Structures are given as C-alpha cells and as structure tokens.
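Engineer: Got a predicted structure here, sequence first:
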Amino acid sequence: MVKLSSLKKLVTDSMAIDLGTTSTIIAVKGRDVVLDEPSLVAVNELTDEIVAYGQEAFDMMGREGRDIVVKAPLSGGVVADFELTKKMLAHFVKQAKSGGSQVSLQAVMSMISDVTHVEQRALLNAAEEAHIGKVYMMEEGLAAAFGAGVNPGDKRASAIVDMGAGTTNVAVIAKGSIVHSRSERIGSDEINKAVATHLRRHRGLQVGEESTEHLKVTFATAIVPEDLEKEFVVRGRDVQTGSPGAVTVTAGEIYPIVEGIIRRIAQIISDTLTELRPEVAADIYDRGVILTGGGVLLDGLDQYLRNFVNLPVILSDEPRYATVRGLVKMFDEPELLERVSRNELHILQNAEVPFEA
C-alpha cells in the first residue's frame with residue numbers, strides 16, 4: 001500500500017506565481033511557464049458574478065455587454081480589489097495545476113520591494129484562499145535577477161531593472177541578497193495613459209485601451225524615430241460629435257510623449273545608481289544593468305537607457321518571464337528560498353500561518 005505522504009509528493013505542484021498589474025504568469029517546477037494571461041476579470045454588475053477571466057475577459061474589454069464590466073483587480077503591483085484578486089488567483093491556480101489535483105501545493109510569489117504589510121497580507125491571504133498550502137513571498141527584483149541568469153553565489157554586485165506595466169523595480173544584488181532597491185509605481189502603462197490623454201485633448205479622439213496598447217507596441221519608440229513622418233491611423237470616438245472617428249498620427253507626434261515617460265523612469269534608475277557604496281558601484285560600472293519585465297520590450301529602450309546612465313545595458317532573454325523563472329528556480333535551492341523569502345508572519349497581523357504542504 002502506498003503511504004499517503006509519498007502519494008502526496010507525486011501530486012503536489014511547486015508553483016511560481018508572478019501576479020502582475022497586467023499579466024499573471026505561472027510556472028510549475030519541471031514544466032516551465034504553464035499560464036500567461038491578462039490580470040483581468042469580467043463581472044456582471046447586476047449579479048456580481050464573474051463571467052470571464054484572463055484572456056477571455058481581455059477580449060471583451062471596450063466591447064462589454066450592457067451589464068458587464070471588465071476590471072483589473074491589481075494596480076501598481078498590489079491588490080486593489082481583494083475579492084476579485086482572490087477569485088482570479090484561484091481560477092488561474094486551478095488552471096495551472098497538473099491533473100486537476102486538489103492536494104495542497106506550495107508556491108513562491110513575487111512582490112514589489114516597497115510593498116506594505118497590509119498589501120503583503122492581502123497577497124498571502126489571496127494565495128491561501130486559492131488552496132495553496134505553503135506560500136513563500138520573494139522580492140521581484142531578486143527573482144528577476146535569478147531568472148536573468150545572476151548566480152545567487154556571486155559575491156560581485158549586479159543591477160536589475162524590472163519594468164512592468166504598473167511598476168519599475170531597481171534592485172542591486174550581491175551574494176543572493178538585495179543590497180539596495182527602489183520601487184516606483186510607474187511603468188509602461190503610463191505611456192498608454194499619456195498617449196490616450198494627448199489624443200483626447202489635442203486630436204479630439206477618445207480611444208480604448210486595446211488601441212493605445214496596439215499603438216505603443218507597433219509604433220512607439222524610446223529613441224528618435226528614423227522616419228518622423230511615418231503615419232498610423234488610430235480609430236475611436238470623436239469627442240465633439242460622439243460618432244465613430246479616426247485620426248492619423250505621425251511617429252514625430254507620438255515620440256515626445258513616450259520619451260517624457262521613459263525619461264522619468266530613466267531618472268529613477270540613474271538616481272538609484274548614485275546611492276550605491278563604492279565597491280558595489282565599481283561592480284555595476286563593469287557589469288552594467290540587466291533589463292527584465294514586459295515594459296523593457298519597448299522599441300529602443302535599451303539604447304535610450306545606455307545613453308542616459310552611460311553604462312552597458314543588457315536585455316535579458318524573454319524578459320517577461322525572468323521573474324517567474326527566477327521564482328521557480330527557488331525550489332531547487334530550498335535553503336536560499338528560506339533565507340530570501342519575506343514571510344514576516346509575526347508582523348503581518350491577522351495573517352494565519354500557512355499550514356505545511
């Protein structure tokens with residue numbers, strides 16, 4: 001007869017969860033990334049019932065049915081709506097589980113470095129209610145560094161810039177620990193907002209989120225465009241008449257808007273690098289800065305930052321997945337995981353100690 005404990009080992013998943021403002025990415029030990037979905041839910045406002053999650057909810061955005069509203073439960077990398085976050089996380093975890101197992105699992109989750117205890121408790125509680133037995137929490141910058149190939153045993157310092165939709169994290173790591181970090185709630189979403197505001201105020205066109213995202217991905221650039229006259233048609237709603245409308249924008253018109261946001265982010269990175277101890281600064285001078293996170297995929301961003309901070313800037317492989325791959329690596333380094341996880345449960349008032357998986 002198979003002992004229950006050994007049977008449990010067969011079906012327990014070790015899961016890494018990168019719960020971000022715009023995307024939730026889950027990797028499972030031995031299976032790499034198994035889920036990559038928008039962090040969205042579609043809610044029926046009459047019944048309060050969730051009718052869609054993730055990609056399905058994203059596809060409804062801007063074209064919702066009469067009583068349906070699409071909501072983002074996270075904002076700036078933290079929980080904005082606890083109930084919706086809890087349900088969304090439970091749904092994604094269930095999708096990511098192998099073989100539909102209901103046995104409790106262990107997970108390591110990322111969080112931004114300046115997360116408050118209340119915000120951290122909300123993440124922990126959401127994970128527990130998603131039937132995860134043991135939850136470890138780890139700073140995003142550290143996870144991104146390990147995922148981008150930084151060796152936890154390396155005594156020399158490495159600098160990581162993890163730019164998401166809602167946050168930019170700068171972390172300097174040595175010997176598997178963060179020696180300096182800064183997190184600001186500004187990310188690539190800021191570009192979408194600035195472009196939408198410009199089109200509404202100066203071109204009289206109201207555009208949806210899908211249109212601004214498409215414009216950013218296909219047309220925006222952090223460096224001066226080669227062809228300033230290159231044109232792009234944006235469709236939306238005419239502010240004056242309320243009728244469907246369209247305007248033609250040029251690369252030269254969009255570039256200063258994008259550059260204004262990128263300059264603010266570059267300044268945060270530059271300021272953070274002036275706060276380092278001399279030995280650490282010397283290491284960063286030699287090694288430069290590693291870029292991770294979905295926000296760094298903006299065309300020309302690495303080149304812009306290289307010029308701004310006057311250091312080598314390296315784009316990591318598959319930057320969107322650096323954090324989750326760093327988290328999943330932790331299951332092979334249990335001692336390191338215990339050391340780096342931020343589970344100060346005695347400080348997180350009312351947070352129940354998770355039971356052992």
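Structural biologist: Thanks, I have it.
Engineer: CA atoms for contacts and neighbours, from now on please.
Structural biologist: Fine.
Engineer: so who does the residue nearest to Ala159 when sequence neighbours are not counted touch?
Structural biologist: Among residues not flanking Ala159 along the chain, Val172 sits closest, at 4.4 Å (CA to CA, 6 or more residues apart in numbering). Going by CA atoms under 8 Å, 6 or more residues apart in numbering, Val172 touches 157-160, 178-181.
Engineer: helices and strands around the one helix or strand Leu84 maps to, which ones?
Structural biologist: Under the criterion of DSSP states H and E, Leu84 resides in helix 82-96. The contact analysis (3 or more CA pairs under 8 Å, 6 or more residues apart in numbering; DSSP states H and E) places helix 82-96 against strand 23-28, strand 32-38, helix 117-129.
Engineer: mind redoing it with 7 Å?
Structural biologist: The helices and strands touching helix 82-96, judged by 3 or more CA pairs under 7 Å, 6 or more residues apart in numbering; DSSP states H and E, are helix 117-129.
Engineer: From the chain's centroid, how far away is the helix it packs on?
Structural biologist: 17 Å (CA atoms, centre = their mean, to the nearest Å).
Engineer: Gln240: what's it in contact with?
Structural biologist: Taking CA atoms under 7 Å, 6 or more residues apart in numbering, we find Gln240 in contact with Gly204.
Engineer: how far out from the middle of the chain is stretch 274-286?
Structural biologist: For stretch 274-286, the distance to the chain centre is 27 Å (CA atoms, centre = their mean).
Engineer: in the host helix or strand of the residue nearest to Ala159, what counts as buried?
Structural biologist: Here Val172, judged by DSSP H and E, is contained in strand 168-174. Buried residues in strand 168-174, counting neighbours by 16 or more other CA atoms under 10 Å, are found at 168-174.
Engineer: What of stretch 208-216?
Structural biologist: So for stretch 208-216, counting by 16+ other CA under 10 Å, buried means 208, 211-213, 215-216.
Engineer: about what we covered before: identify, from the contacts of Val172, the entry nearest to Glu231.
Structural biologist: Closest approach to Glu231 among the contacts of Val172 (CA to CA): Ile160, at 34.9 Å.
Engineer: and that closest one, what does it touch?
Structural biologist: 141, 145, 170-172, 289-291.
Engineer: Tell me how far it lies from Gln95.
Structural biologist: The gap separating Ile160 from Gln95 is 31 Å, by CA to CA, to the nearest Å.
Engineer: Repeat that for Leu228.
Structural biologist: For Leu228, the distance to Gln95 (CA to CA) stands at 45 Å.
Engineer: what does Asp32 give?
Structural biologist: 14 Å.
Engineer: Enumerate the strands of the stretch 201-350 of the chain by residue range, in sequence order.
Structural biologist: Counting by DSSP state E, counting those that start in this stretch, the stretch 201-350 of the chain has strands at residues 205-206, 231-238, 244-250, 289-292, 313-315.
Engineer: Show me the one of those strands that comes nearest Ser113.
Structural biologist: Taking CA to CA, strand 289-292 is the member of the strands of the stretch 201-350 of the chain nearest to Ser113, at 15.4 Å.
Engineer: what sits up against the closest one?
Structural biologist: By CA under 7 Å, 6+ apart, the list of residues contacting strand 289-292 from outside reads 144, 159-163, 312-316, 319-320, 322.
Engineer: Apply 10 Å and report the result again.
Structural biologist: By CA atoms under 10 Å, 6 or more residues apart in numbering, the residues outside strand 289-292 that reach it are 141, 144-145, 147-150, 158-164, 168-172, 269, 273, 297, 301-302, 305-306, 309, 311-323.
Engineer: Would you mind checking those residues for buried ones?
Structural biologist: For the contacts of strand 289-292, buried by 16+ other CA under 10 Å: 141, 144-145, 147-148, 150, 158-164, 168-172, 269, 273, 297, 301-302, 305-306, 309, 312-316, 319-323.
Engineer: ranges for the helices of the stretch 51-200 of the chain?
Structural biologist: Taking DSSP state H, counting those that start in this stretch as the test, the helices found in the stretch 51-200 of the chain are 54-60, 82-96, 117-129, 140-147, 189-203.
Engineer: Return the member of those having the minimum mean pLDDT.
Structural biologist: Here the lowest mean pLDDT among those goes to helix 117-129, at a mean of 81.
Engineer: Quick one: work out the angle between it and helix 82-96.
Structural biologist: Taking axes from the mean of the first three to the mean of the last three CA atoms, to 10 degrees, one finds helix 117-129 and helix 82-96 inclined to each other by 40 degrees.
Engineer: tell me which residues of the longest helix along the chain are tucked away?
Structural biologist: Ranked by residue count under DSSP state H, the longest helix found in the chain is helix 251-273. Judged by neighbour count using 16+ other CA under 10 Å, the buried positions of helix 251-273 are 251-252, 254-259, 261-262, 265-266, 268-270, 272-273.
Engineer: Stretch 286-297 too?
Structural biologist: Neighbour-count burial for stretch 286-297 flags 287-297 (criterion: 16+ other CA under 10 Å).
Engineer: Which single one of those residues is nearest to Asn44?
Structural biologist: Nearest to Asn44 among the buried residues of stretch 286-297, with distances taken as CA to CA, is Gly294, at 29.9 Å.
Engineer: re the thing from before, between the buried residues of stretch 286-297, which sits nearest Val233?
Structural biologist: Leu297 (22.3 Å).
Engineer: how about that closest one, what does it touch?
Structural biologist: 163-164, 188, 217, 221, 291, 315, 318-320.
Engineer: Can you lay out the residues you listed as CSV showing pLDDT and distance to Ser14?
Structural biologist: Formatted as CSV, the contacts of Leu297 follow (pLDDT from 0 to 100; distance: CA to CA, whole Å):
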residue, pLDDT, distance to Ser14
Met163, 95, 26
Gly164, 91, 24
Ser188, 93, 30
Val217, 91, 33
Thr221, 94, 38
Leu291, 97, 26
Leu315, 95, 28
Glu318, 95, 22
Pro319, 96, 22
Arg320, 95, 20
